[in-house]
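A.B. asks: I'll drop the sequence and a predicted model, then ask my questions.
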Amino acid sequence: MDKLIQFNLNGKETEITIDPTLTLMWVLRDQFGLTGTKYGCGIGVCGACTILLDNEAIRSCMLQVSDVANRKIVTIEGLSSNGELHPVQKAFMEKDALQCGYCTPGMIMNATGLLLSNPEPTREEIIYGMEDNLCRCGAHIRIIEAIQAAGLEMKKAK
Amino acid sequence: MKRNIKEQRRRLATTKNPFEVKRRDFFKLLGGGVVVYMSTHNPSELMALPLAQRREVPKDYNAFLTIKEDGEVICHVGKIEMGQGPITSLPQQVADELDVPIESITMVMGDTGICSYDAGTWGSLTTREYSHYLRDACAEARAVLIEMASEYLDISNENLKIKDGVVFDSSNPDKKVSYGWLTKGERLERYMDEKPSVKDHTQFNYVGQSMLHADARLKVTGEAVYTADVKMPGQVYAKVLRPPSHLVQLISVDYSEAEKIEGIQVVRDGDLVAVLHELPEVAERALATVKAEYTADEKQVDDKSVFEYLLNAPAKSREVESLGNLEEGENQAELIIESEFHDGYKAHAPIEPHAALAQWNGDKVIVWGSCQSPFGAQDQIARELEMELENVRIITPFLGGGFGGKIYHPQVIEAVRIARIAQKPVMVTYTREEEFYMDFFRNATVVKIKSGVTKEGKIVLWDFHQYHAGPRGSDTIYNVPHAKITQYSNQSGSPVHPLPVGAWRAPHANSNTFARESHVDIMAAKIGVDPVQFRLDNLSDQKMIHVVEALRDKFDYTPAQGPSGRGIGMALGTDAGTWVAVMIEVKVDNKTGEVQPIRAVVSQDMGMCVNPQGTIIQAEGCVTMGMGYALSEDIEFKGGDVISRNFDTYQLPLFSWVPEVIDTVILDRQDQPPQGAGEPAIICMGGAIANAIFDACGARVYQMPMTPKRVLEGIKKVGK
């Protein structure tokens, strides 16, 4: 049975009437056209579908759309503001921390969540925090550098 | 770097009526301009592709290069972008050969409707082969434009110069004309009788300079379009019924329950049964209600018994390389060493699963597909559905990784067949479980080697037997007077492998290099010589000697007899025209058998390097991806059933595995023709890690992946 679900999506109050048991990842992609959130494994082990839920990185393939009722979601499309890239996005570009780019939105969202909870992570903390995000091309070493650089940049901006 | 890719991608994804594009319309679509045809061919070293994938291309110039009136250069190539960087490196070459700013170039890739033919993006061929044709084409276009400028300005060619797409009088720069003004939206039919030569490396501005990925902004914002992101009005998702094994046949199917679900449509085309719904999850739920009966899978082979199975499988032997006389080599040898190496099936496991969206309009079909070979997909559709080639158009958005796995595109055929019956746009996106099941795996294989070495440490005998993979990467390389490479494969037509097999990044070279380089290390240790010096002592190939010396120097390696306890190992080889060597340092936990890479150095002679940063990134990617096949990746299977079907059981490399430092040395060979960069370094990873494990703890592991269990078994043997 369809249900009205309201939530904040990328800074805007949003509502949708839909089967509440549907997976958030597919709803974001199909109903809202936010295709930056990627399907990778469907069981929460690859991280390609990572978004922020109330500022915490979470796998949208593991959530039902009803789970986000009255909460705040940020997807990769909502990370930059007024065309200005988020420091994590900038750092991924500057460090060339991607190849095929398919895992990149999930990597960036997970890294953003990591930096929100721990603004000055050590290299070990970055590795620990990113451990469950998979990249097949092997951009890992640059992703670590990018997150370090972004952390410094975000600290400076404060 | 400002680029027009965003707009171009959008245009590709949303072309209003994509069926309208025919060759002659194409010129209209682009508003005319200089069109240079360019040809490319597909040399024999590629894997055995179906004939249709080797379509003959016109001998005339057969790639499209368009210069619009405003100076925008549109470069249409059949190559696709799957993360390895042609969207960056090809414009570097075009900009240099044409003398235009790189920002003025728009790449249009992998669209069979408007791009020049290319067999496929594979084999590290984009730079080493394809770019020659592209550069020749640009050189001719440039010469034509100079000739036109000379006539227009009434100044002889010798007194003209070009900068940023503007031709001017070298003594009076105010007398000038731009390429765009010269083309004025007209297609130019002029050709040079004498083909101009391309520039040499001293004349480059962009080639040889490190450039950041041109598509990075699209990819960090989520705007980059991959196949599953394309959406057409009225589109439905199709979920396809899969058998439990590759070795069974469908007997009967009952989908009456699925049909009762609101909004569900079931399509059947022979053995192809698909459940359709606008929501992928509803289609999936409905698929779960379909009952099907299959014949039994009676094949008695699994991931444990597969090596014995392969050794006993029907096979014909083929001599790949032969030198001297093996008997004589055996007589000269002081020490004879025999070993047998095993490697299990590996998945490509790109993070983007295969996807295709097919839309029919009358007798024409257009498909967005994640394909490494859009023209191959076009051929296959035309062949299997008995269509004219021109009625099939494939558009390839960005690929989320390929590694050889997207050379095969069953999802494209499925989408086209289902959409033809459903009469609406159909999207097939594989689940991760399907992606594993439907893969064309890297071959499981066995390599047996018998070698002989003299007291002085010279290899005099090399007898290499390769079973049921391929010979790529099996070349002896070392200077051995009596050597033979024998390849065993089934030539009767029926497949030996219980699972589908195919090209996996540097096909077969990973397994063969693991075997050769492990075995060479075994010899060095047996006669008590430092393994790096042992290699140098047995090499006569000067290119390889330079690569190894550069590797040794960058690593700051000090010689020691193995096992030294330091955990340093190396491997070398040639692949895709590049001479490569990798040295890696690891820590081995003697209690758990776990291997932790600490540091890696890659050294390569790849001829001219177009984008050093891009090359370094490929080397880092090879090191990182290669740790997976070396240490953890293994397909568990039983008969034709694939048991490993997601990332919880098929272990990819993780952040914590990655060495803190990966250094890459690119030998300065800018005056040489460019060679491959996408594959070479990965071939060394199995051998380098095996040798590093041995150096750390004395355990020799003969089977990949070198799991903690296998390392522990090796450690236990050391004590005995």
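C.D. replies: Everything's here; your move.
A.B. asks: okay, the closest residue in space to residue B:649 that isn't next to it in sequence: pLDDT?
C.D. replies: Nearest-residue entry for residue B:649: residue B:636, 6.9 Å, with adjacent residues in sequence omitted and distances by CB to CB, 6 or more residues apart in numbering or on different chains. Quick note: C-beta positions are derived from backbone N, CA and C, even for glycine. On the pLDDT scale, residue B:636 is placed at 98.
A.B. asks: surely residue B:636 is in contact with residue B:303?
C.D. replies: Yes - counting by CB atoms under 8 Å, residue B:636 touches residue B:303, with 5.1 Å between them.
A.B. asks: gap between the residue of the stretch 1-150 of chain B found nearest chain A and residue B:614?
C.D. replies: Nearest to chain A, among the residues of the stretch 1-150 of chain B, is residue B:83, at 3.0 Å (CB to the nearest CB). Using CB to CB, to the nearest Å, we find residue B:83 at a distance of 11 Å from residue B:614.
A.B. asks: and the two? which has more neighbours close in?
C.D. replies: Taking other CB atoms under 10 Å in any protein chain shown, residue B:83 and residue B:614 do not tie; residue B:83 has more neighbours (31 against 25).
A.B. asks: and the residue of chain A nearest chain B?
C.D. replies: residue A:36 (2.0 Å).
A.B. asks: report pLDDT for that residue.
C.D. replies: 98.
A.B. asks: same question for residue B:117.
C.D. replies: 83.
A.B. asks: can you tell me the SS state at it?
C.D. replies: For residue B:117, the assignment made with DSSP: H, G, I helix; E, B strand; the rest coil gives coil.
A.B. asks: neighbours of it, how many?
C.D. replies: Applying other CB under 10 Å, I find that residue B:117 has 21 neighbouring residues.
A.B. asks: was I right about it contacting residue B:373?
C.D. replies: No - counting by CB under 8 Å, residue B:117 sits too far from residue B:373 to count as a contact (10.9 Å).
A.B. asks: and the residue of the stretch 1-150 of chain B closest to chain A, that's in a helix?
C.D. replies: No - assessed with three-state DSSP, residue B:83 is coil; it does not lie in a helix.
A.B. asks: enumerate every residue touching it.
C.D. replies: A:98, A:99, A:100, A:101, A:137, B:399, B:400, B:401, B:402 (CB atoms under 8 Å, 6 or more residues apart in numbering or on different chains).
A.B. asks: same thing but at 6 Å, please
C.D. replies: By CB atoms under 6 Å, 6 or more residues apart in numbering or on different chains, the contact list for residue B:83 reads A:99, A:100, A:137, B:401.
A.B. asks: tell me the pLDDT at the last one?
C.D. replies: Turning to residue B:401, the model gives it a pLDDT of 98.
A.B. asks: quick one: it from residue A:103, how far?
C.D. replies: 9 Å.
A.B. asks: could you look up the SS state of residue B:573?
C.D. replies: strand.
A.B. asks: is it bridged to anything, and to what?
C.D. replies: With DSSP bridges applied, residue B:573 shows beta-bridge pairing to residue B:580.
A.B. asks: okay, now residue B:466: neighbour count?
C.D. replies: Count around residue B:466 with other CB under 10 Å applied: 28.
A.B. asks: do the same with residue B:457
C.D. replies: Neighbour number of residue B:457 under other CB under 10 Å is 17.
A.B. asks: and residue A:82, by the same measure?
C.D. replies: 4.
A.B. asks: what's near enough to touch it?
C.D. replies: Contacts of residue A:82 (CB under 6 Å, 6+ apart): none.
A.B. asks: pLDDT score for it?
C.D. replies: On pLDDT, residue A:82 comes in at 86.
A.B. asks: kindly report the same for residue B:191.
C.D. replies: Residue B:191 is given a pLDDT of 82.
A.B. asks: and the gap between it and residue B:147?
C.D. replies: For residue B:191 relative to residue B:147 (CB to CB), the value is 10 Å.
A.B. asks: that older thread, show me which of residue B:401 and residue A:103 is the more surrounded one.
C.D. replies: With neighbours defined as other CB under 10 Å, residue B:401 and residue A:103 compare such that residue A:103 has more, 30 against 25.
A.B. asks: I'd assumed residue B:351 was in contact with the more buried one.
C.D. replies: Yes - contact criterion CB atoms under 6 Å: residue A:103 and residue B:351 qualify, at 4.8 Å.
A.B. asks: find the residues that touch each one of the two.
C.D. replies: In contact with both residue A:103 and residue B:351: residue A:48, using CB under 6 Å, 6+ apart.
A.B. asks: got the domain ranges for the chain?
C.D. replies: I'll assume chain A. Chain A breaks down into these domains under automatic domain parsing: A:3-78, A:87-157.
A.B. asks: please refer instead to chain B.
C.D. replies: B:5-221, B:232-295+B:354-429, B:306-345+B:441-719.
A.B. asks: residues contacting the spatially most central residue of chain A?
C.D. replies: Residue closest to the mean C-alpha point of chain A, counted by CA atoms, centre = their mean, is residue A:109 at 2.6 Å. Taking CB under 6 Å, 6+ apart as the criterion, residue A:109 is in contact with A:50, A:51, A:57.
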